[in-house]
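Undergrad: 3D model of this:
(one chain, ligands or ions: 2)
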Amino acid sequence: MVEKAASGHPGGAMGGADFIQILYSEFLKFDPDDTTWSHRDRFFLDPGHMSAMLYSQLTLCGWMSIEDIKEFRQWKSVTPGHPEVDIHRGIENTSGPLGLGHAFGVGAAIAEQFLVSRFGTQVGHHSYLYISDGGIQEEISQGVGRIAGYLGLGNVIMFYDANDVQLSTKVGEVTSEDTALKYEAWNWHVITIDGNDEDQIRKAIADSKTVTDRPSLIIGRTVMGKGAVKADGSSYEGEVESHGKPLGKSKASFEKTIENLGGNPAEPFNIFPEVEAYYKEVLDRKRAEAKQSKAAIASWAKANPELDQRLSGFLKGELPKLDLTNIVLGDNEATRNASARVLGYLAEHVGNMIVSSADLSNSDMTEGFLKKSKAFTKNDFSGAFLQAGVSELTMAALCTGMALHGGVIPVCATFFAFSDYMKPVLRVAALMEQPVKFLWTHDAFRVGEDGPTHQPIEQEAQLRLLEKLHNHSGKPSFLALRPANSAETVYAWQLLLETSDRPSGLILSRQNITDFPYTKAENMVLATGVQKGAYLVHDESNLPDIILVANGSEVATLIDAVPMLRDKDIKANVVSVPSEGLFRMQGKAYYDQLFPTGVPVFGMTAGLPVTLESLVRDNGKVFGMTHFGYSAPYTVLDEKFGFTAANVVNQVIELLNQNKI
Ligand SMILES: Cc1ncc(C[n+]2csc(CCOP(=O)(O)OP(=O)(O)O)c2C)c(N)n1
Ligand SMILES: [Mg+2]
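TA: Residues are numbered from 1 along each chain as shown. Ligands and ions are numbered 1, 2, ... in the order given. Okay, here's the model as predicted:
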């Protein structure tokens, strides 16, 4: 594959082949005719560069063809350089950024335990993870190892392909850690074996399956480029060069290596007849086992029709009938508090939501959910809250893994400034189109006294970039909503719940926000506009002099400025734009309706000006933050930074005067 594509990673794949072959043929529970079977075992690959190993195995399973693997790394092939989630071909996750794949696997294992605890062990399965030196070194493995150990995830069996080689050096040149001790300290069951010895692999997996109260790590000492030889027949194993270079382009000989492995270099894509016959037998056995498993589940379903109906609803991603508009909201509340009220409602009405916080539940207000549920603890998944500890990246990846597993609705929360720690996962969750829900509170410099480290500035612009980046289904890859008040928060939450084809998130305020000057009922009706991404919150005139636009708490500041502008004979309409991405999807006619041609637009944002700049035309301007912020009470910062109605008036007058020149 690598040789034909003239690019790729042969070495790791050759060393790991023994393990994956034994895992798939002798242990992994799957139905060859139904890759989407919800209760199948999962295999999560972490080192995506070992895609050739996975594709070879999937070909043996009948889910890929020889033609597919001949097209390795080519335009529109189903065999891209790094695997991209493709359940119909047995690929459970996209992998490439090292560390994420095994984190997704642990997330899936948490989802599985959640379902087992509610429906019984007949719906249970294992998550097999495959990690390499790179993944072990990535910081995320600390969070994943700690949480899997803490929760005692006996359904996790992770193979560590320890081949002593990485991309540019030998492993010994960057670490001297005792990996076994490290994982043991996290409460893992650890076995070290020769990872190329079939019997040792077999025994290690079988032994690990008997350990049900904690995760297992099988450290397999493997040989990089196993079987590789040079033209003179001497060994070319264990070489750094074989990490990412086709053998023929390295000091090894491709032909001699194929010969050495017992193949015919003239027909490198040939599957030996005895292998074909063996896999026919394997797949027949899998079919029979899956049939048996499905029959057991069917008889459980017959005996427990209500539970079965509930489970099917979960697995299909169905939502119960909800009416968020009935939630009683407070007056002039922070949007994080309005979100807490929604979460309290969801805790009571949505049986498969799992909420997680990175040690901020009493601040990001996910405690609204937690108070009506309880946290997962060791071997107890009867609750629905994951206390992730301080590990935002891990938490986001675990939630993404839960989404990949299916059957649950994962939500995770932290401060908006720390969304930076989650970015690598946001990107891959967006690429994989997984409906993870993110809650980010403390949305602006108005966190005040905590100072610039905690004051998000450029973070919203980063999310808006993801809204502009289209996924492979041609849609904005992310939906980010920054509601302006409690009523908008309710509708924004509604959108999050309805968004099942990509990740989405809310950006919520820490500080209280003055409600718009209408009745509660009027505000609720107005806020239905959130469903279009932007809407008119104040309609002064159908021939306004200026249109004011913002999202989040800046909208209230703009509304405050309206009567002051009126006093100066300036008619101002106000538009709230909780999501530019969603707004853009409504088409030009709606854009023109909110922003009629010729009328200047003034935007205000607590983020970088670029956050709103694409909404204002040449005759408009955006007042935003262009520095990191400072530590002081937020009311002082509002004054100092110019986030006041009085400054809106000054800015608008300046803009209108400028336009006259
Ligand atoms: C987050 C991240 N950083 C860097 C890389 C580039 N990269 C790909 S594989 C690799 C290390 C390979 O070592 P190992 O995981 O041991 O794989 P092997 O060389 O044994 O195949 C690196 C640095 C990456 N894919 N992801
Ligand atoms: Mg390695």
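Undergrad: quick one, what contacts whichever residue of the chain sits closest to ligand 2?
TA: Residue nearest to ligand 2 within the chain: D133 (3.6 Å; C-beta to the ion). (Each C-beta comes from the backbone N, C-alpha and C, glycine too.) By C-beta atoms under 8 Å, 6 or more residues apart in numbering, the contact set of D133 is 161-166, 171.
Undergrad: Run through the stretch 201-350 of the chain and note the low-pLDDT ranges.
TA: For the stretch 201-350 of the chain, no stretch has pLDDT under 70.
Undergrad: how about the helices of it, start to end?
TA: According to DSSP state H, counting those that start in this stretch, the stretch 201-350 of the chain carries its helices in the segments 254-260, 273-303, 305-316, 335-349.
Undergrad: ok, back up a step: can you tell me which of the contacts of D133 is closest to L315?
TA: Nearest to L315 among the contacts of D133 is D161, at 32.1 Å by C-beta to C-beta.
Undergrad: strand partners of the strand or helix carrying that closest one, parallel vs antiparallel please.
TA: Per DSSP states H and E, D161 falls inside strand 156-162. According to DSSP bridges, strand 156-162 has the following sheet partners: strand 127-132 (parallel), strand 216-221 (parallel).
Undergrad: ok, and what's touching the last one?
TA: It stands for strand 216-221. So strand 216-221 is contacted by 19, 154, 156-163, 179-180, 183, 188-196, 201, 204-205, 207-208 (C-beta under 8 Å, 6+ apart).
Undergrad: Verify the contact between G330 and T489 for me.
TA: No. Counting by C-beta atoms under 8 Å, G330 sits too far from T489 to count as a contact (11.2 Å).
Undergrad: which residues are common contacts for the two?
TA: A338.
Undergrad: Which one's more surrounded, the two?
TA: Higher neighbour count among G330 and T489: T489, with 33 against 12, using other C-beta atoms under 10 Å.
Undergrad: Quick check: pLDDT value at that one.
TA: With respect to pLDDT, T489 scores 98.
Undergrad: now do L465
TA: Reported pLDDT for L465: 96.
Undergrad: for D618, same thing?
TA: pLDDT for D618: 89.
Undergrad: Helix, strand, or coil at it?
TA: coil (DSSP: H, G, I helix; E, B strand; the rest coil).
Undergrad: So what does it look like in phi/psi?
TA: phi -60, psi -30 (degrees, to the nearest 10).
Undergrad: Where does pLDDT dip in this structure?
TA: Scanning the chain for pLDDT under 70 picks out no residues.
Undergrad: Could you pick out the residues of the stretch 151-300 of the chain near ligand 1 for me?
TA: 163, 165-167, 224, 243 (C-beta under 6 Å from any ligand atom).
Undergrad: Only whichever of those residues are buried, select them in PyMOL.
TA: To isolate in PyMOL the members of those that are buried, counting by 16 or more other C-beta atoms under 10 Å, one can use:
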select buried, resi 163+165+166+224+243
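Undergrad: Mind checking which of the contacts of strand 216-221 are buried?
TA: Buried among the contacts of strand 216-221 (16+ other C-beta under 10 Å): 19, 154, 156-163, 179-180, 183, 188-193, 195-196, 201, 204-205, 208.
Undergrad: can you list the domains in the protein?
TA: Annotated domains of the chain cover 2-289, 324-507, 532-660 [automatic domain parsing].
Undergrad: Please tabulate those domains in a markdown table, including the columns distance to D308.
TA: Shown next, in a markdown table, are these (distance: least, C-beta to C-beta, whole Å):
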| stretch | distance to D308 |
| --- | --- |
| domain 2-289 | 8 |
| domain 324-507 | 13 |
| domain 532-660 | 36 |
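Undergrad: Show me the residue of this protein that gets nearest to ligand 1, please.
TA: G12 (2.5 Å; C-beta to the nearest ligand atom).
Undergrad: Just give the closest residue to that residue, not the sequence neighbours.
TA: Among residues not flanking G12 along the chain, M50 sits closest, at 4.7 Å (C-beta to C-beta, 6 or more residues apart in numbering).
Undergrad: Doesn't that neighbour belong to a helix?
TA: Yes. Per three-state DSSP, M50 lies within a helix segment.
Undergrad: so how far is D161 from it?
TA: Computed with C-beta to C-beta, to the nearest Å, the distance linking M50 and D161 is 8 Å.
Undergrad: any residues in contact with both of those two?
TA: 12, 16, 130, 132.
Undergrad: just checking, next helix/strand downstream of the strand or helix carrying the first one?
TA: The secondary structure element spanning G12 is helix 10-22 (assigned by DSSP H and E). The C-terminal neighbour of helix 10-22 among helices and strands, as given by DSSP H and E, is strand 42-45.
Undergrad: and that following strand, how far from the chain's centre?
TA: Taking C-alpha atoms, centre = their mean, to the nearest Å, the mean C-alpha location of strand 42-45 is offset from the chain mean by 16 Å.
Undergrad: So which residue is smack in the middle of this protein?
TA: Central residue of the chain (C-alpha atoms, centre = their mean): A429, 3.4 Å from the mean position.
Undergrad: near ligand 2, which of the contacts of strand 216-221 show up?
TA: Checking the contacts of strand 216-221 against ligand 2 by C-beta under 5 Å from the ion, the ones in range are N163.
Undergrad: Nearest residue to K302 in space, ignoring adjacent ones along the chain?
TA: Distance criterion C-beta to C-beta, 6+ apart; nearest residue to K302, sequence neighbours excluded, is D308 at 7.9 Å.
Undergrad: go on, A556?
TA: Nearest residue to A556, sequence neighbours excluded (C-beta to C-beta, 6+ apart): T514, at 4.9 Å.
Undergrad: Is that neighbour in contact with V555, as I believe?
TA: No. Taking contacts as C-beta under 8 Å, T514 lies outside contact range of V555: 10.1 Å.
Undergrad: between the two, who's got more neighbours?
TA: Relative neighbour count places V555 above the other of T514 and V555, with 27 against 13, counting by other C-beta under 10 Å.
Undergrad: about what we covered before: what's in contact with the helix or strand containing the residue nearest to the centre of the chain?
TA: Counting by DSSP H and E, the element that carries A429 is helix 423-432. For helix 423-432, the surrounding residues in contact (C-beta under 8 Å, 6+ apart) are 84-85, 93-94, 96-97, 100, 393, 396-397, 400, 403-404, 419, 436, 438, 462-463, 466, 469, 471-472, 477-478, 502-503.
Undergrad: and that helix, does that touch ligand 1?
TA: No. Using C-beta under 6 Å from any ligand atom, helix 423-432 never reaches ligand 1; the gap is at least 7.3 Å.
Undergrad: about what we covered before: most tightly surrounded among the domains of the chain?
TA: domain 324-507 (a mean of 22; mean count of other C-beta atoms under 10 Å).
Undergrad: Now do the contacts for F381.
TA: 110, 113-114, 116-117, 151.
Undergrad: any bit of the helix or strand hosting I110 sitting next to ligand 1?
TA: Taking DSSP H and E as the criterion, I110 maps to helix 100-119. No. For a cut-off given as C-beta under 6 Å from any ligand atom, helix 100-119 has no contacts with ligand 1; the smallest distance is 7.9 Å.
Undergrad: Can you list the residue ranges for helices in the stretch 551-661 of the chain?
TA: 554-567, 580-584, 588-594, 610-613, 634-641, 645-660.
Undergrad: Throw those helices into a markdown table and include distance to S250, thanks.
TA: Shown next, in a markdown table, are those (distance: least, C-beta to C-beta, whole Å):
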| stretch | distance to S250 |
| --- | --- |
| helix 554-567 | 58 |
| helix 580-584 | 45 |
| helix 588-594 | 55 |
| helix 610-613 | 46 |
| helix 634-641 | 58 |
| helix 645-660 | 63 |
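Undergrad: hang on, the earlier thing: mind exporting the C-alpha coordinates of the helix holding A429 to CSV?
TA: These are the backbone C-alpha positions of helix 423-432, laid out as CSV (Å, rounded to 0.1, in the frame of the first residue of the first chain):
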residue,chain,number,x,y,z
LYS,A,423,-9.1,23.3,20.5
PRO,A,424,-7.4,20.2,19.0
VAL,A,425,-10.5,18.2,19.9
LEU,A,426,-12.9,20.8,18.7
ARG,A,427,-11.3,20.5,15.3
VAL,A,428,-11.4,16.8,15.1
ALA,A,429,-15.0,16.6,16.5
ALA,A,430,-15.9,19.1,13.8
LEU,A,431,-14.2,17.0,11.2
MET,A,432,-16.0,13.9,12.4
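Undergrad: Before I go, just wanted to say thanks for your time.
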